[in-house]
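Peer 1: this one's structure only:
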């Protein structure tokens, strides 16, 4: 439960008047991981500055981060207390102010349930929050060893507050550190923070390969841009978190912000999606492709691909406030550490158009499809591959394309998995009545056929990501990051 204190705006107005003097302090404030404070609206509203959030364990002395500036206040006002449920829980604690931060040492009250305390200054204004957990450890599978390297402050605090057994790897020893499971036959997971995930995904892929460990990236500079609010509920859970989809929550978890997905090209498996079907948490997979095209060598070896998971959600906004947030993050750690069954990849074939240097510019995802048979329907039974028809753009499909599709209707009717992916729209689809095309609902009601009706070319980043997700679902391999990905300028 969160207790609100009125009149916060008076402190903010004062800070605005002193902005010229305190700019250095504000610039160094580590407030990116917190949630906006609520207060009375002022006629002239200063910019909203989120209050810092600190995670702590019941009964322990901690350093609480608070909103600056305090340096200009008289000594009698350089103190803060913790409040919750309409009462004050601690004696005043002096604030220490540097050029980079404002902090106070506070002994946390004893709590039986997770409690959110407001950090209140002399003027009764909220300048921070502390999420206090009871003095007991969270349950965790001892066969899974968690390592963290340069993890975000909020994650390290949360792990310590909940008693989650995380082994922090120091900077000095990371290059040679062994990240093997502590128990024989166990599993391990490396959790990376924003300063440890390199400049792009290829760094994480190499790290996972070199260290032979699953990797979870909670924050990174190569994620997409900051986006607006998002709500999360059980129906949005997929993949490694699909078990949560069976739960019923009283209301969704609401996050004030999130990062947009990494914009690069790779096989992506969504674990949590937003309302538009874009990933909030996803697993990125690379594919070993050591096979030729001879008889019996149509598929990459299953189970050899690298796996690393990325999360675009600001977990710190909801941890400790809703049990579901803590349970979901623990489930994510567990799923990211496990090695799910190997993805079965199928030989892809693009029937139309021919992807060359010119067509590939407008079709960057299809240009990264692993080399397959040019016309898979001319190969054995079609069942060994996935055929792709791209109708986007101005070029009309060849005259024999529809005839060839119709010849394979019997094969498509017998299939137990999708064998044909149609992208975009064309009047040709109306001539193939067997598809049972519904343009109003933008659906094709035939087993074995998948239709992504968006006709935009070149496609937006969002539509590229949706295509990657669908290709992974169908088992179509894309070239690994770093092989054909252009380096960031």
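Peer 2: Thanks, I have it. Computed from a prediction, not measured in an experiment: that's the story for all the values here.
Peer 1: ok, residue 397 - contacts?
Peer 2: 352, 353, 389, 391, 426, 428 (CB atoms under 8 Å, 6 or more residues apart in numbering). Heads up, the C-betas are built off the backbone N, CA and C, glycines and all.
Peer 1: State the distance from it to residue 356.
Peer 2: The gap separating residue 397 from residue 356 is 16 Å, by CB to CB, to the nearest Å.
Peer 1: Poorly predicted segments of the protein, please.
Peer 2: 1-48, 69-73, 75-76, 287-306, 340-342, 371-384, 480-489 (pLDDT under 70).
Peer 1: Not counting sequence-adjacent ones, nearest residue to the residue nearest the centre of it?
Peer 2: Central residue of the chain (CA atoms, centre = their mean): residue 311, 2.2 Å from the mean position. Among residues not flanking residue 311 along the chain, residue 281 sits closest, at 4.7 Å (CB to CB, 6 or more residues apart in numbering).
Peer 1: what's the neighbour count on the closest residue in space to residue 107 that isn't next to it in sequence?
Peer 2: Of all residues not flanking residue 107 in the chain, residue 61 sits nearest, at 4.8 Å (CB to CB, 6+ apart). Residues within reach of residue 61, counting by other CB atoms under 10 Å, total 10.
Peer 1: With residue 464 instead?
Peer 2: By other CB under 10 Å, the residues close to residue 464 number 18.
Peer 1: Phi first, then psi, for the spatially closest residue to it that is not a sequence neighbour.
Peer 2: Using CB to CB, 6+ apart and skipping the chain neighbours, the partner closest in space to residue 464 is residue 365 (5.3 Å). Backbone torsions for residue 365, taken as degrees, to the nearest 10, come to phi -70, psi -50.
Peer 1: Which strands and helices lie in contact with the helix or strand hosting residue 268?
Peer 2: Element membership for residue 268 (DSSP states H and E) is strand 267-273. Applying 3 or more CB pairs under 8 Å, 6 or more residues apart in numbering; DSSP states H and E, we find strand 267-273 packed against strand 279-285, helix 461-474.
Peer 1: May I see the buried residues of the last one?
Peer 2: What it means is helix 461-474. Residues of helix 461-474 classed as buried: 462-474 (neighbour count, 16 or more other CB atoms under 10 Å).
Peer 1: Over to stretch 245-260?
Peer 2: Neighbour counts over stretch 245-260 (16+ other CB under 10 Å) mark 253, 255, 257, 258, 259, 260 as buried.
Peer 1: How about stretch 434-446?
Peer 2: By neighbour count on 16+ other CB under 10 Å, the buried set for stretch 434-446 is 435, 437, 444, 446.
Peer 1: And for stretch 111-120?
Peer 2: Buried, per 16+ other CB under 10 Å, within stretch 111-120: 111, 114, 115, 116, 117, 118, 119, 120.
Peer 1: pretty sure residue 448 contacts residue 410?
Peer 2: No. When contacts are counted by CB atoms under 8 Å, residue 448 is not listed as touching residue 410 (10.6 Å).
Peer 1: which of the two has more neighbours?
Peer 2: More crowded of residue 448 and residue 410, by other CB under 10 Å: residue 448, with 18 against 8.
Peer 1: Tell me who's in contact with the more buried one.
Peer 2: Going by CB under 8 Å, 6+ apart, the list of residues near residue 448 reads 411, 412, 413, 415, 417, 418, 419, 420.
Peer 1: let's go with 7 Å and repeat that
Peer 2: Neighbouring residues of residue 448 by CB atoms under 7 Å, 6 or more residues apart in numbering: 412, 413, 415, 418, 419, 420.
Peer 1: hang on, the earlier thing: distance of the residue nearest to residue 107 from residue 51?
Peer 2: Per CB to CB, residue 61 is found 21 Å from residue 51.
Peer 1: Likewise for residue 90?
Peer 2: For residue 90, the distance to residue 51 equals 17 Å [CB to CB].
Peer 1: And residue 319, by the same measure?
Peer 2: Noted for residue 319: a distance of 15 Å to residue 51, by CB to CB.
Peer 1: about what we covered before: so of the contacts of residue 397, which ones are in strands?
Peer 2: Under the assignment DSSP state E, the contacts of residue 397 contribute 352, 389 to strands.
Peer 1: Could you work out the most separated pair of the contacts of residue 397?
Peer 2: 353 and 428 (13.4 Å; CB to CB).
Peer 1: Counting neighbours, go ahead and name the busier of these two.
Peer 2: Legend: neighbour count by other CB under 10 Å for residue 353 and residue 428, higher for residue 353 (20 against 16).
Peer 1: what's near enough to touch the more buried one?
Peer 2: Contact partners of residue 353, counting by CB under 7 Å, 6+ apart, are 359, 390, 395.
Peer 1: redo that, cut-off 6 Å
Peer 2: Residue 353 is in contact with 359, 395, counting by CB atoms under 6 Å, 6 or more residues apart in numbering.
Peer 1: before we move on, what about residue 434?
Peer 2: Residue 434 makes contacts with residue 409, as judged by CB under 6 Å, 6+ apart.
Peer 1: just to revisit the earlier point, got the buried residues of stretch 245-260 as a markdown table, with secondary structure and distance to residue 68 columns?
Peer 2: As requested, the buried residues of stretch 245-260 are exported to a markdown table (DSSP: H, G, I helix; E, B strand; the rest coil; distance: CB to CB, whole Å):
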| residue | secondary structure | distance to residue 68 |
| --- | --- | --- |
| 253 | strand | 30 |
| 255 | strand | 25 |
| 257 | coil | 22 |
| 258 | strand | 26 |
| 259 | strand | 26 |
| 260 | coil | 30 |
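Peer 1: Let's have those in TSV, adding distance to residue 405.
Peer 2: Shown next, in TSV, are the buried residues of stretch 245-260 (distance: CB to CB, whole Å):
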residue	distance to residue 405
253	44
255	44
257	45
258	41
259	41
260	36
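Peer 1: Kindly indicate which of the residues you listed lies nearest residue 228.
Peer 2: Closest to residue 228, out of all of the buried residues of stretch 245-260 and judged by CB to CB, is residue 257, at 6.7 Å.
Peer 1: Report the contact partners of that closest one.
Peer 2: So residue 257 contacts residue 226 (CB under 6 Å, 6+ apart).
Peer 1: what does residue 104 give?
Peer 2: 64, 80, 93, 95.
Peer 1: So which of the residues you listed wins on neighbours?
Peer 2: Neighbour counts for the contacts of residue 104 peak at residue 80, which has 27 neighbours (criterion: other CB under 10 Å).
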